[in-house]
Structure formats: structure tokens, C-alpha cells
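Enquirer: structure of the sequence below:
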Amino acid sequence: MNLNAHSDSEIDVFQITSKLKKGFGRLNTLLFYCIQFFLNQRKVVLVLLIIGFGLGLFLDKNNKLYTTEITVIPNFGSVDYLYAKINLIQSKINAGDIVFLQNEIGLSQPEDLIKIEIKPIADVYKFIEDKERNFELIKLMAEVGEVKKVLEDNITSKNYTYHTIAVVTNGTTSEKKLITPLLNYLNQSEYFTAIQKVGLANLKQDITQNDTIIQQINGVLNGFTANVKSALKNDKLMYYNENTQLNDIIKTKQELLYIQGLNRLKLINFQKTIREVTFTLNSDTSKSVNGVMKFVLPVLLVLLFVFIHLFIRFYQKQLAKSKVIAS
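Expert: Numbering: from 1, shown residues only. Model prediction:
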């Protein structure tokens with residue numbers, strides 16, 4: 001039994017070795033034919049490489065991709081609305097819906113739009129600033145996972161204050177051609193327009209009421225200061241009970257002043273549902289296929305030439321066989 005098994009294994013090894021030798025022999029033959037083909041067709045191949053390089057160089061110079069980035073603040077809980085709108089625009093770009101991009105958004109050169117996407121600007125300090133609930137939420141989520149994953153989680157990241165809209169265009173653009181119509185389109189929601197008006201009115205009312213309260217507190221403090229000065233002039237000793245709540249009044253004023261500062265900043269941001277903060281126009285994009293066509297086209301032309309040559313040879317052989325069979 002052992003001798004037979006040993007003999008069978010030797011036969012298997014021999015068969016494998018024989019097949020490998022045949023495979024390498026075929027590979028060598030194929031390699032030889034390829035070298036012979038390119039040597040015989042070297043003039044044609046050289047011409048195709050030159051033509052492809054020149055055409056690719058022309059395309060690279062005239063079809064450069066640029067990225068425009070817009071930093072925005074989505075107010076009044078409009079984050080999901082904003083992301084949905086950006087995804088809708090991208091789907092229209094993928095579908096080649098020039099009519100929608102031109103008529104609905106108002107783009108003057110919609111055919112130049114290549115890609116649009118939105119990402120949050122991760123600012124965990126801003127996220128938890130004066131928001132104890134957010135801080136507790138991050139602590140709770142971090143207990144069941146990595147902090148980095150929690151901060152980059154889709155649910156968490158959408159609650160960041162700032163978001164960046166990146167638009168890739170074929171060629172340069174301008175604020176008038178791209179940014180203005182895009183932001184106008186994003187702010188066309190009737191629902192959020194109504195929310196924005198109410199929210200702005202409420203904010204102005206809060207500012208006015210807080211100013212009134214601060215003035216009243218100032219009146220109380222001024223009265224207290226006047227009483228102290230009068231007592232000092234009359235050389236009278238005054239004793240103050242710790243429960244006069246003077247410290248609480250001063251603390252309340254400090255808190256109101258801080259809130260008023262935040263409210264006045266919100267007053268600027270609340271002018272729009274999707275409030276633009278800043279933008280950068282036409283950053284040269286080195287990603288994708290930008291700048292590589294001068295290398296891609298020559299290879300494609302040579303491969304196309306090889307494919308046509310093989311197809312012609314295949315057709316000629318099949319034609320010859322059909323003639324032999326017919327005769």
C-alpha cells in the first residue's frame with residue numbers, strides 16, 4: 001500500500017511539473033509573439049504614443065478640475081434638510097439633469113458641475129460648549145465605543161455647528177455663477193423660512209427683555225452704591241446681612257451679559273436658514289483623473305490598435321476555415 005501511494009505521488013508530481021513546463025513554454029511563446037508584434041509595428045505604435053500624449057496633454061490643460069468650498073451654518077434644525085438637498089443635487093449631476101440644475105438651482109453653466117458633497121467640520125469643543133447634555137451624551141457614547149468613532153459618527157457629526165459644502169467643477173467658476181444661486185436654492189424652503197422669521201423675532205425679543213432686566217439690575221446696584229456712599233458720609237456703621245442676595249444679583253447680571261453676547265452673534269447667523277460663513281473659490285484639484293490623460297490616452301490607443309489587429313487576424317482565420325469547409 002505504501003509503495004503504491006509513493007508511486008502515485010511521484011506520478012502526480014511529474015504531471016504537475018510537466019504541466020508547469022508546458023505553461024511556461026506557452027508563456028514564453030506568447031511573450032515572443034508580443035515582442036515580435038511590437039517590433040514589426042514599432043512605427044505605428046510610436047505614432048500612436050505621440051498622438052495620445054499630445055491629445056492627453058491638450059485635454060489636461062483644457063479640462064482642469066477645481067474645487068470650491070463653502071462653510072455654512074444650518075440653523076433651526078435644518079441639518080437633515082441641508083444634507084438631503086446636497087444629495088439631491090448630486091443625484092441630478094449623476095443623471096445629467098442639466099434642466100434641473102439650470103432652472104431649479106439657477107446655475108448658468110450646469111454642465112461644468114462634476115461633483116458636490118457636504119461634510120461636518122468636527123469641533124467637539126464647540127459641540128459641548130455651554131451644552132451639558134451634549135457633553136454627557138459624548139461621555140455615554142464613549143463608554144460603549146471609541147471616542148474617535150463617536151465623534152465621527154453620522155448622528156454626532158451632523159450636530160456640529162459648521163459644515164463644508166465642496167463643489168468640483170470643470171474649469172473655474174465665480175461667486176455669482178455658483179455660490180449665490182446655490183445658497184439661494186438651499187434657502188428656498190417655505191417651512192424653514194417661516195421658522196427663521198419666528199426664530200429671529202423671538203431672538204430680538206429675548207435681547208430686548210434681557211436689556212431691560214440688565215437696566216433694572218443696574219438701577220438696584222446704583223441705588224445700593226448711593227446708600228453706601230451716603231452712609232460713609234454720615235460716618236455711620238452699616239451691617240449687611242449675607243442674605244441680601246446682592247451676590248446673586250451681580251451673578252445674574254454677569255450671566256445675562258454673557259447670554260446677550262451670544263444672542264447678538266446669533267442675530268447675525270439667524271438672518272438665513274442656511275447661513276454662509278466663508279468660501280474659497282477654484283482650488284486646483286489634483287485628485288481623480290486630472291492631469292493624467294497624457295499618460296492614459298497613449299496606452300488606450302495602443303491597446304485599441306492591438307485589439308483591432310487581433311480581431312482582424314481572428315476574422316481572417318475564421319474566413320479561411322469557412323472557405324475550406326465550403327470547398
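Enquirer: and Phe295, what pLDDT?
Expert: Looking at Phe295, its pLDDT is 83.
Enquirer: nearest spatial neighbour of it, chain-adjacent residues omitted?
Expert: The shortest distance from Phe295 to any residue other than its chain neighbours is 6.8 Å, reached at Gly56 (Cβ to Cβ, 6 or more residues apart in numbering). For the C-beta atoms, the positions are set from N, CA and C on the backbone; glycine is no exception.
Enquirer: look up how far Leu301 lies from that neighbour.
Expert: To Leu301, Gly56 is 10 Å away according to Cβ to Cβ, to the nearest Å.
Enquirer: do Leu246 as well
Expert: Noted for Leu246: a distance of 87 Å to Leu301, by Cβ to Cβ.
Enquirer: can you get me a residue count around Thr67?
Expert: Residues near Thr67, counting by other Cβ atoms under 10 Å, number 18.
Enquirer: and it, what's its pLDDT?
Expert: With respect to pLDDT, Thr67 has a value of 93.
Enquirer: packing partners of the helix or strand that contains it?
Expert: Per DSSP states H and E: Thr67 is located in strand 65-74. Using 3 or more Cβ pairs under 8 Å, 6 or more residues apart in numbering; DSSP states H and E, the elements in contact with strand 65-74 are helix 79-95, strand 163-170, helix 180-186, strand 274-284.
Enquirer: let me know the angle separating the longest one from strand 65-74.
Expert: Angular relation of helix 79-95 and strand 65-74 on a 0 to 180 degree scale: 160 degrees, by axes from the mean of the first three to the mean of the last three Cα atoms, to 10 degrees.
Enquirer: same for helix 79-95, what does it pack against?
Expert: Contacts defined by 3+ Cβ pairs under 8 Å, 6+ apart place helix 79-95 against strand 65-74, helix 98-103, strand 113-120, strand 163-170, helix 180-186.
Enquirer: picking that back up, return the residues in contact with the residue nearest to Phe295.
Expert: Going by Cβ atoms under 8 Å, 6 or more residues apart in numbering, Gly56 touches Val292, Met293, Lys294, Phe295, Val296, Leu297, Pro298.
Enquirer: repeat for Leu301
Expert: Leu48, Leu49, Ile51, Gly52.
Enquirer: can you tell me how far it sits from Asp60?
Expert: Distance from Leu301 to Asp60, by Cβ to Cβ: 16 Å.
Enquirer: if we can go back for a sec, closest one to Val198 among the helices and strands packed on helix 79-95?
Expert: With Cβ to Cβ, the closest approach to Val198 among those belongs to strand 65-74: 16.7 Å.
Enquirer: who's in contact with the closest one?
Expert: For strand 65-74, contacts defined as Cβ under 8 Å, 6+ apart pick out 81-82, 114, 121, 161-173, 178-179, 182-183, 186, 269, 273-285, 287-288, 290.
Enquirer: next, the buried residues of it.
Expert: By neighbour count with 16 or more other Cβ atoms under 10 Å, strand 65-74 contains the buried residues Leu65, Tyr66, Thr67, Thr68, Ile70, Val72, Ile73, Pro74.
Enquirer: same question for stretch 211-229.
Expert: So for stretch 211-229, counting by 16+ other Cβ under 10 Å, buried means Ile217.
Enquirer: what mean pLDDT does that stretch have?
Expert: For stretch 211-229, the mean pLDDT works out to 81.
Enquirer: residues contacting it, please?
Expert: Met238, Leu246, Ile249, Ile250, Thr252, Lys253, Leu256, Leu257, Gln260.
Enquirer: just list the residues touching Ser283, thanks.
Expert: Residues in contact with Ser283 (Cβ under 8 Å, 6+ apart) are Tyr66, Thr67, Thr68, Glu69.
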